[in-house]
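K.L.:
Sequence and predicted structure are below.
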Amino acid sequence: MSTALKHARERIDDIDRQFVRLLARRQQIVDEVAETKAETGRPARDASREDQLLDRIRSLADEAGLAPDLVARLYEHILAHFVQRQRRRLGRSDASTGKEPASRDGDRAASGPLRLVEEGMNGSRTANETHNGPSASVSEGAAASPVETETTTDAAAETGWPPRLQTSAEQEAADVDVESKPYRMAARSQNPDGTVVSIRDGLAVGGDDPVLIAGPCSVESREQILRSAEAVARAGGDLLRGGCFKPRTSPHSFQGMGREGLDLLAEAGRTFDLPVITEVMEPDDVPLVADKSDVLQIGARNMQNFPLLKALGETDAPVMLKRGMMAEIDEWLAAAEYVLAHGNPNVFLCERGIRTFETATRNTLDISAVPVVQERTHLPVVVDPAHACGTRRWVPALVRAALAAGAHGVMVEAHPNPDEALSDGPQSLPLDDIAPLARLFR
Ligand code: PEP
Ligand code: MN
């Protein structure tokens, strides 16, 4: 290598070092802002401040001769990460100051399996440590900064184990027979870096931080969904769930509150500054639900409802596609392909258990679907352990399993009074159990 080239590369390396250190410094200040917000009770996100910041970044980029769009996109990712970090810190500051979430059920320490989960976490890997990718270089860059102790070490980057999923050799292996697959746009090779689905408020699914989606199976009343939202927000959860149009096996079971439920869910989301997710069952309902909900869920029973998939493809709303209980992974990805092929790229997947011969659990959580899906598609994948196992005391262990497997998030059901829930009570957590679960994410 010529000396000139070597020197030029050293200068580039030096700039990268400074850049990462500055990012670490920025993160430190963002953390200070989070502390102030926690003290003053302000929410993690200030949308107008973000808009102003992005405008400023664009004009700075322009003045510096850089493409404003490129730099703005970079900043959007940085902001998304930091906002999510602030949300978590705000949630944690409630827990760490002993200021328990203002639950109307009264204070209650984590009990039973949740306590076991928390104890089990001591000294074990965190979710971050199981994630490969860009976080590795940020940790490295932060090493010389004052935030060193705050920054999680990426064990995988240091030890080479577990292996990264998308090495080029593995990628090639996964793509060998892409021609024979019933999907093309969803294939990993279309976006080897992985798709990040932006929701709103800087929240994204598919980035380095796994998301926590929590809330009741069904919206049942204003009080029930507001109390649930409060618990999710205080725990530092990312999205509030609540079914309004319910796919029930029996026509005699509670069918959901429909439009009224949608309004209540949207109100609860607004009140606690949480994006919301709810299921849509009919193509005709798509515009209505897309208007009220930040993410549209396609339930397991509708995974191959092709008119519904097409209707969702015609929107640009984020879609969470659950795996059908009898669906092979490639059938699931082909269903996602319908949404993509009809024009909507904002899709993420949700593994929720499949039917097997086993009867001890409601379904069988196919945890292996997480790495398999990540090899075959660029779409993010989250895990819903509650519908898989059907029993609340098994949920925390499966949340840990999902995070360890590298899922981009987890969805759980929680209810102010699970024993009286109108749907899926046995698998719903009491609201006080959301916060200890959320701590598994940090
Ligand atoms: C739900 O999320 O409440 C639900 C009905 O899930 P699934 O479609 O996975 O059964
Ligand atoms: Mn449910």
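P.N.:
All right, it came through fine. Ligands and ions are numbered 1, 2, ... in the order given.
K.L.:
and the closest residue to ligand 2 within the chain, how many neighbours does it have?
P.N.:
Going by CB to the ion, ligand 2 is nearest to Cys217 of the chain, at 3.3 Å. Glycine gets a C-beta too; all of them are placed from N, C-alpha and C. Burial measure for Cys217: 24 neighbouring residues, criterion other CB atoms under 10 Å.
K.L.:
mind checking which helix or strand the residue lying closest to Leu79 once chain neighbours are set aside is in?
P.N.:
If you skip the residues right next to it in sequence, Leu79 has Gly202 as its closest partner in space, 5.3 Å away by CB to CB, 6 or more residues apart in numbering. Using DSSP states H and E, Gly202 falls within no helix or strand.
K.L.:
Mind listing what's buried along stretch 286-303?
P.N.:
Within stretch 286-303, the residues that qualify as buried by neighbour count (16 or more other CB atoms under 10 Å) are 286, 289-290, 292-300, 302-303.
K.L.:
which of the residues you listed come close to ligand 1?
P.N.:
Within the set of those, contact with ligand 1 (CB under 6 Å from any ligand atom) is found for Gly299, Ala300.
K.L.:
I'd guessed the residue nearest to Leu79 sits against Glu50; true?
P.N.:
Yes. Counting by CB atoms under 8 Å, a contact exists between Gly202 and Glu50, whose distance comes to 7.1 Å.
K.L.:
So which elements touch the host helix or strand of Arg56?
P.N.:
Here Arg56 is covered by helix 47-63, with elements defined by DSSP H and E. Here helix 47-63 touches helix 68-96, going by 3 or more CB pairs under 8 Å, 6 or more residues apart in numbering; DSSP states H and E.
K.L.:
pLDDT (mean, whole number) over the helix it packs on?
P.N.:
Confidence over helix 68-96, taken as the mean pLDDT, stands at 67.
K.L.:
burial measure for Tyr75, as a count.
P.N.:
17.
K.L.:
quick one: contacts for it?
P.N.:
With CB atoms under 8 Å, 6 or more residues apart in numbering as the criterion, the residues that contact Tyr75 are Leu53, Leu54, Ile57.
K.L.:
burial count for the last one?
P.N.:
Using other CB under 10 Å as the criterion, Ile57 is surrounded by 19 other residues.
K.L.:
What pLDDT does the model give it?
P.N.:
As summarised for this prediction, Ile57 has a pLDDT of 89.
K.L.:
now it: how far from Tyr75?
P.N.:
As defined by CB to CB, to the nearest Å, Ile57 lies at a distance of 5 Å from Tyr75.
K.L.:
Kindly export the helix holding Arg56 (C-alpha atoms) in PDB.
P.N.:
In PDB, the C-alpha atoms belonging to helix 47-63 read as follows (Å, rounded to 0.1, in the frame of the first residue of the first chain):
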ATOM      1  CA  ALA A  47     -41.600  16.200  18.500                       C
ATOM      2  CA  SER A  48     -41.200  19.900  17.800                       C
ATOM      3  CA  ARG A  49     -37.700  19.900  19.200                       C
ATOM      4  CA  GLU A  50     -36.900  16.900  16.900                       C
ATOM      5  CA  ASP A  51     -38.300  18.700  13.900                       C
ATOM      6  CA  GLN A  52     -36.300  21.800  14.600                       C
ATOM      7  CA  LEU A  53     -33.200  19.700  15.100                       C
ATOM      8  CA  LEU A  54     -33.600  17.900  11.800                       C
ATOM      9  CA  ASP A  55     -34.200  21.100  10.000                       C
ATOM     10  CA  ARG A  56     -31.000  22.500  11.500                       C
ATOM     11  CA  ILE A  57     -29.000  19.400  10.600                       C
ATOM     12  CA  ARG A  58     -30.200  19.600   7.000                       C
ATOM     13  CA  SER A  59     -29.100  23.200   6.600                       C
ATOM     14  CA  LEU A  60     -25.800  22.500   8.300                       C
ATOM     15  CA  ALA A  61     -25.300  19.500   5.900                       C
ATOM     16  CA  ASP A  62     -26.100  21.600   3.000                       C
ATOM     17  CA  GLU A  63     -23.700  24.400   4.000                       C
END
